[in-house]
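Enquirer: Fold the following, please.
(one chain, ligands or ions: 2)
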Amino acid sequence: MKHLLTIAGSDCSGGAGIQADLKTFSALGTYGMSVITAITAQNTQGVDAIVEIDNTMVKAQIDAIFKDIAVHAVKVGMVSNREIIAQISKSLLEWLPPFVVVDPVMVSTSGHHLLKPEAKTTLIEDLFPIATIITPNIPEAEVILDRKIDDIEDMEEAAKAIYNLGPKGVLVKGGHLLGDAVDVFFDGTTITKFTSPRIHKTNTHGTGCTLSSAIATHLALEFDLLTSIRKSKDYVTKAIDCGLEIGKGDGPLHHFHHLYPSIDTD
Ligand SMILES: Nc1ncnc2c1ncn2[C@@H]1O[C@H](COP(=O)(O)OP(=O)(O)OP(=O)(O)O)[C@@H](O)[C@H]1O
Ligand SMILES: Cc1ncc(CO)c(N)n1
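Expert: Ligands and ions are numbered 1, 2, ... in the order given. I've put the predicted structure just below:
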């Protein structure tokens, strides 16, 4: 049994954040654990309120887990502010989990800052260099690089430029473009594109959280990086396609363990 840890924010409506991560870990047959960095009051329509957790409590949660339980991979999501980011970086450098997937969550679809704008530099300097892979969506890649991304060629250039900020791999996600959902990966030598047909459904709340947790899970299950991305994209595509009609806005994904019977969980 592999043990997965998410360090992220709570989404009380269960579609994104910690809740999406834990559902993904379970659906893929692993044991999930969580360090909560912030509590959000949100639903399928938007974010109403955010409370950040004190960084000493973030440290205490991380230490409580690592001093007792082996962690086979970590996913980092919403990290809110500079103090929390610096603490996570310090703690991960101390405990050294084998894989760290960083989803640089910044602004919710409804326009709320899930990362304080002044914390962007700390995110880049403290977390990118310890990441096995980082998974920005197009708006996040634009903020990281301070440039526009309009097409797949721009995504390729962005993946290469973000790679120079220190992660071992960069996946620029194409959910925000039109046409097929194309994600672009760069590992320092080769660009690889992952394409799936765009699903015309509104239940896409939490796609990014789900993809990054699934990548962390497949890495823990000892798949290589490219296979982990491919299997994770397949998981997200199926989970969107399963179509849950929950809430009045952008609904959540359906995490279906019986779609993935082939994963050996011993
Ligand atoms: N309508 C869609 N049909 C098929 N795949 C999609 C669709 N929307 C997003 N994806 C895929 O879902 C994954 C997440 O990409 P996306 O760009 O939506 O991330 P995100 O914006 O971080 O997600 P979130 O909604 O959690 O903030 C990518 O693999 C992307 O290609
Ligand atoms: C807690 C949380 N993390 C990440 C996202 C981005 O999907 C969100 N909406 N909420």
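Enquirer: Report how many residues lie close to L178.
Expert: 8 (other C-beta atoms under 10 Å). (C-beta placed from N, C-alpha, C; glycine too.)
Enquirer: quick one: D183 and K173 touch, right?
Expert: Yes: counting by C-beta atoms under 8 Å, D183 touches K173, with 4.9 Å between them.
Enquirer: quick one: contacts for G247?
Expert: Counting by C-beta atoms under 8 Å, 6 or more residues apart in numbering, G247 makes contact with 13, 15, 43-45.
Enquirer: Buried members of those into PyMOL, please.
Expert: Per 16 or more other C-beta atoms under 10 Å, the buried members of the contacts of G247 correspond to this PyMOL selection:
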select buried, resi 13+15+43+44
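Enquirer: What is the nearest of the contacts of G247 to ligand 2?
Expert: The shortest approach to ligand 2 among the contacts of G247 belongs to G15, at 7.6 Å (C-beta to the nearest ligand atom).
Enquirer: Look up phi and psi at K231.
Expert: With angles defined as degrees, to the nearest 10, K231 sits at phi -70, psi -30.
Enquirer: distance between the ends of stretch 139-153?
Expert: With C-alpha to C-alpha, to the nearest Å applied, stretch 139-153 spans 15 Å between its terminal residues.
Enquirer: Quick check: buried residues in it?
Expert: 140-145, 149, 152.
Enquirer: Repeat that for stretch 217-233.
Expert: Counting neighbours by 16+ other C-beta under 10 Å, the buried set in stretch 217-233 is 217-221, 223, 225, 228-233.
Enquirer: can you tell me which residues contact A239?
Expert: A239 touches 210, 253-256, counting by C-beta under 8 Å, 6+ apart.
Enquirer: how about the residues of this structure that lie near ligand 1?
Expert: Counting by C-beta under 6 Å from any ligand atom, the positions of the chain adjacent to ligand 1 are 16, 137, 173-176, 181, 183, 196, 198-199, 204-209, 211, 233, 236-237, 240.
Enquirer: so where's the longest strand in the protein?
Expert: With secondary structure taken from DSSP state E, the chain has its longest strand at strand 31-43.
Enquirer: Can you name the next helix or strand after that one?
Expert: strand 46-52 (DSSP states H and E).
Enquirer: helices or strands next to the helix or strand just after that following strand in the packing?
Expert: As assigned by DSSP H and E, the chain's next helix or strand after strand 46-52 is helix 55-66. Applying 3 or more C-beta pairs under 8 Å, 6 or more residues apart in numbering; DSSP states H and E, one finds that helix 55-66 contacts strand 3-11, strand 31-43, helix 82-95.
Enquirer: What is the burial count for D68?
Expert: 7.
Enquirer: what about it, which SS state?
Expert: coil (DSSP: H, G, I helix; E, B strand; the rest coil).
Enquirer: where's it relative to S10, distance?
Expert: 22 Å (C-beta to C-beta, to the nearest Å).
Enquirer: and what of L221?
Expert: For L221 relative to S10 (C-beta to C-beta), the value is 26 Å.
Enquirer: the strands in the protein, which residues?
Expert: Using DSSP E, the strands assigned to the chain run over residues 3-11, 31-43, 46-52, 73-76, 100-102, 133-134, 170-172, 181-186, 191-196.
Enquirer: Return the residues of the stretch 101-250 of the chain in contact with ligand 2.
Expert: Checking the stretch 101-250 of the chain against ligand 2 by C-beta under 6 Å from any ligand atom, the hits are 105, 108, 114, 206, 208-209.
Enquirer: go with 8 Å
Expert: Residues of the stretch 101-250 of the chain lying near ligand 2 by C-beta under 8 Å from any ligand atom: 103, 105, 108-109, 114, 205-209.
Enquirer: out of those, which are inside helices?
Expert: Among these, the residues falling in helices (DSSP state H) are 207-209.
Enquirer: Right, I'll call it a day here.
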